[in-house]
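1. next comes the sequence, and after it the predicted model I'd like to discuss.
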Amino acid sequence: MSRVGKHPVTVPSGVEVQMSGQILSAKGSLGTLRLVVSNDVTASIADGTVTIAPKDGSKHARAMWGTTRALVNNMVTGVSKGFSVTLEINGVGYRAAVQGNTLNLQLGYSHEIAYPIPDDVKIACERPTLITVSGADRQRVGQIAAEIRAYRPPEPYKGKGIKYSTEIVRRKEGKKK
């Protein structure tokens, strides 16, 4: 029995949820998101809530029950509040700057890395060592943050690199004489 899927998703004011066929769409102040609902579950909209239920008792249907409910909740939260991920840059001479539609990263390589900013995500640099990725789609925001982090992941000896603000880098002791 799914513990997550049992709870209906409440739709906040300012968010409009519609179901057409197998496509569930949520429209809010931050944009519109769509989700293709699996054939193993049914979605129903009533009284400002979205309820997900499995079609049968199969293992896959029960797995998709909780997954679909979580995806719908992320859609509704994304179009109303949005999601953001903060990245911190550590290292001498390491910095980032937004110029137009590109994020320019200087990460100790011989060249500057130019990361093109997609249209559905906003990237801001309050300080040269702090990058904020924000948008309505939770998966997309996390994916772009992971791609930026992958250019120079934090290393354990000096802690240099790009890390999530919530990440704790386990430090190692250097070699001894």
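-> The structure has been received and is ready for your questions.
2. partners of the helix or strand that residue 123 is a member of in the sheet?
-> Applying DSSP states H and E as the criterion places residue 123 in strand 121-127. Paired with strand 121-127 in the same sheet, following DSSP bridges, are strand 130-135 (antiparallel).
3. helices and strands around the helix or strand that the strand it pairs with is followed by, which ones?
-> Per DSSP H and E, the first helix or strand lying C-terminal to strand 130-135 is helix 138-150. Under the contact criterion of 3 or more Cβ pairs under 8 Å, 6 or more residues apart in numbering; DSSP states H and E, helix 138-150 touches helix 59-80, strand 83-90, strand 121-127, strand 130-135, strand 161-164. Any C-beta I mention is one placed from the backbone N, CA and C, and that applies to glycine too.
4. list the buried ones in helix 138-150?
-> By 16 or more other Cβ atoms under 10 Å, the buried positions in helix 138-150 come out as 138, 140, 141, 144, 145, 148, 149.
5. what lies in contact with it?
-> Helix 138-150 is touched from outside by 74, 77-78, 83-85, 87, 103, 105, 115, 118, 120-121, 123, 131, 133-135, 162-164, with contacts defined as Cβ atoms under 8 Å, 6 or more residues apart in numbering.
6. okay, now the domains of this structure?
-> The chain breaks down into these domains under automatic domain parsing: 9-80, 83-164.
7. tell me the mean pLDDT for the longest one?
-> Per-residue pLDDT values over domain 83-164 give a mean of 93.
8. how far does it sit from its chain's centre?
-> Centroid separation for domain 83-164 versus its chain: 14 Å, with Cα atoms, centre = their mean, to the nearest Å.
9. mind checking the end-to-end distance for it?
-> Using Cα to Cα, to the nearest Å, one end of domain 83-164 lies 14 Å from the other.
10. for residue 89, which non-adjacent residue is spatially closest?
-> What sits nearest to residue 89 in space, not counting adjacent residues and going by Cβ to Cβ, 6 or more residues apart in numbering, is residue 129, at 4.4 Å.
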